[in-house]
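Chemist: Quick one, structure for this:
(4 chains)
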There are 2 protein chains.
Amino acid sequence: MNMKLKLARVEKNLSQQELADCVEATRQTIGLIEKGKYNPTLNLCVRIANALDKTLNDLFWEDHND
Amino acid sequence: MNMKLKLARVEKNLSQQELADCVEATRQTIGLIEKGKYNPTLNLCVRIANALDKTLNDLFWEDHND
DNA sequence: TCTCAATGTCAAATATAATTTGCATTTTGC
DNA sequence: GCAAAATGCAAATTATATTTGACATTGAGA
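Modeler: Purely as a prediction, here's the structure:
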């Protein structure tokens, strides 16, 4: 479950459909990424980050310092 | 051309083949990503970043503040 | 020069990300 | 309660990331 992405989207008052339109993806793809059931491509991650004024790390990076 | 990735790999004294083995990918895939001719998946980007002790932003984020 | 490791490149095959379509379920506001 | 928007879900299809295998090129060292 990618909470960071979902929170960033909701903070911008965007529906999954609206975000999908912004990044030229489909609603389903956004939904799956938010649910963590997905392995998107880098380009799509970058488009999403830009659309939400975030960085890759903000949305997709987990610090596993082990 | 993804210089940041190439530099991070060379700093660790890893060949493309060795990095590929670390992240369970092929030499060709690593080579293409370094050449910027490629759109890897998020999982692979994360594996590469971890292998090189870097973050997603370190290797794959360009700041286009416009 | 002669290897040999490292890298570049190409084509074909495979794995899987992403789309499309349709319908079910849940919210939200009237 | 009702209607519409938003989200979840699943199968079939398309697009493309990744692999496999092979061969060429480059650079460093013996």
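
Chemist: From now on I want contacts and neighbour counts done on CA atoms only, so please keep to that.
Modeler: Fine.

Chemist: A:M1 touches A:L32, doesn't it?
Modeler: No - taking contacts as CA atoms under 8 Å, A:M1 lies outside contact range of A:L32: 9.1 Å.

Chemist: In terms of packing, which of these two has more residues around it?
Modeler: A:L32 (15 against 12; other CA atoms under 10 Å in any protein chain shown).

Chemist: ok, for that one, nearest residue in space, not its chain neighbours?
Modeler: A:Y38 (5.8 Å; CA to CA, 6 or more residues apart in numbering or on different chains).

Chemist: Doesn't the one you found lie inside a helix?
Modeler: No - using DSSP: H, G, I helix; E, B strand; the rest coil, the assignment for A:Y38 is coil, not a helix.

Chemist: count of residues packed around it?
Modeler: Neighbour tally, A:Y38, other CA under 10 Å: 16.

Chemist: Which other helices and strands does the host helix or strand of A:V10 contact?
Modeler: A:V10 belongs to helix A:3-11 when elements are defined using DSSP states H and E. Under the contact definition 3 or more CA pairs under 8 Å, 6 or more residues apart in numbering or on different chains; DSSP states H and E, helix A:3-11 sits against helix A:27-34, helix A:56-60.

Chemist: and A:L14, what does it touch?
Modeler: By CA atoms under 8 Å, 6 or more residues apart in numbering or on different chains, no residues touch A:L14.

Chemist: Tell me if it really is in a helix.
Modeler: No - per three-state DSSP, A:L14 lies outside any helix segment and is coil.
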